[in-house]
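>>> I need the structure of the sequence given here:
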Amino acid sequence: MVGNLVITEHRTTAWYHLPLQRWSFRSEADRYALIATQAARLADLAGRRCHLRITSRPFPTWRWAEALDQSIRSRHQPLRGPCTAHPWRSEPGCPACVPGHAWLDWLQAQQERLGQWGIEERDVYLGVELATRSGLAKLAGRRWQRAADAEITNLMSQAEQVTATVAAAGLDARPVTARQLQWLFIRSCALGLPAPLPVSVDPAPVPSALPVAAPEVLDTEDLGVYTDHVQWAAEPFGRTVTVTRSDGLTAHVSVLTVGPMNAPDLTGDSPWIQRTDRLPFPVEWAITFDVRDPGFTAKDMARRVERIRYQYAHQMEQEVLPPPAMERPHRLTSMLYGLSTVTGTATPRFLAYSISSDRVIPQSSAGAITTVAGLSAWTATSKRT
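All right, here's what the predicted structure looks like:
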């Protein structure tokens, strides 16, 4: 790990942190605008493979308590306890102290109560693969430090270009810090286990707790500090993967693959990934998708349009009602390419853009193609854990 780069034997990935976007209180037009802007940013990464990692971290109750304490003290002094020697916090063994009656006693009790609620915050990370490492570059990097430095310099230059792309409006991504990358690495190695807390809050050994320092550069041996304490095991044809930590804590993780699905309502009040928040157990998402080159996408879409058109024409010749799985793609391709026959109720119509049964998003043909192709790539390779 070098900065926000994760360098493996075959590839290098630049990682970024994505801020959460407000959704519930947006109008339908604003939601469409946000989706279109995000699609435009991702389209600028054409030719690259991307990774979307969605996880969660416990709500920092210690920060809430610290902020509340500073807010109260900035206005006036908190109420004193009955003990004049220890007015803010009760001390064990002091006969004048009454536990729970001092200000910090009450604040600590509220912090512990808040922690028992199990409140979590969502964390979203975007990884963008840079140029793959050639065999010559790997060999030279092992033998000459100058060659390794030159390779890292080249990777940094590529990462700067990607950073400028994902930092624009829509994604607003920022390169991860060493602490964020450390958190993501530990969290991914110990799936299903409780999220690690800072050592100042939970004085436990790594990786049960986050170490004090987060170095900017970590080599393979340094990463072993995080990986050697977690073991993964699976029985043949078993339904779960057993993840065991060095302290004996065990979790059973079920890996589910998301298959093809009908086009979801993109502007609904409950996005389909967000619905897993209602489950009584934690869910982690790992999504891999390729942003295709516009030329390749245009050829692929043209081939799909021809196939849909011939299938639909065959159904009409047989006077058979087309199934919904065929009718909806035909309406969409008719809207994008202006085909002469458009159907809303299995009846031929010759008004190419007169489609009343579907909601039409005003946009250019090229933009619509890019959006559809991007969604197809996501759903084809998405995985959730």
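>>> what about the helices in the stretch 151-300 of the chain?
178-189, 220-227, 294-317 (DSSP state H, counting those that start in this stretch).
>>> let me have the ones you listed in a markdown table, adding mean neighbour count, mean pLDDT and distance to Met156 as columns.
For the C-beta atoms, the positions are set from N, CA and C on the backbone; glycine is no exception. Output for the helices of the stretch 151-300 of the chain, formatted as a markdown table (neighbours: other CB atoms under 10 Å; pLDDT from 0 to 100; distance: least, CB to CB, whole Å):
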| stretch | mean neighbour count | mean pLDDT | distance to Met156 |
| --- | --- | --- | --- |
| helix 178-189 | 19 | 90 | 15 |
| helix 220-227 | 13 | 83 | 20 |
| helix 294-317 | 14 | 80 | 27 |
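>>> I'd like the ones you listed as CSV, with distance to Gly115 appended.
Shown next, in CSV, are the helices of the stretch 151-300 of the chain (distance: least, CB to CB, whole Å):
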stretch, distance to Gly115
helix 178-189, 18
helix 220-227, 24
helix 294-317, 48
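>>> of all those, which lies closest to Leu249?
Relative to Leu249, the nearest member of the helices of the stretch 151-300 of the chain by CB to CB is helix 178-189, separated by 13.4 Å.
>>> run the angle between the closest one and helix 220-227 for me.
60 degrees (axes from the mean of the first three to the mean of the last three CA atoms, to 10 degrees).
>>> which strands and helices lie in contact with helix 178-189?
strand 12-18, strand 49-58, strand 120-129, strand 209-210, helix 220-227 (3 or more CB pairs under 8 Å, 6 or more residues apart in numbering; DSSP states H and E).
>>> next one, pLDDT for the residue of the chain positioned farthest from its centre please.
Distance to the chain centre peaks in the chain at Pro95, reaching 53.0 Å (criterion: CA atoms, centre = their mean). For Pro95, the model assigns a pLDDT of 86.
>>> okay if I get the helices and strands packed on helix 178-189 as a markdown table plus distance to Thr288?
Compiled in a markdown table, the helices and strands packed on helix 178-189 are given as follows (distance: least, CB to CB, whole Å):
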| stretch | distance to Thr288 |
| --- | --- |
| strand 12-18 | 11 |
| strand 49-58 | 5 |
| strand 120-129 | 9 |
| strand 209-210 | 27 |
| helix 220-227 | 21 |
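>>> and of those, who's closest to Ala313?
strand 49-58 (36.6 Å).
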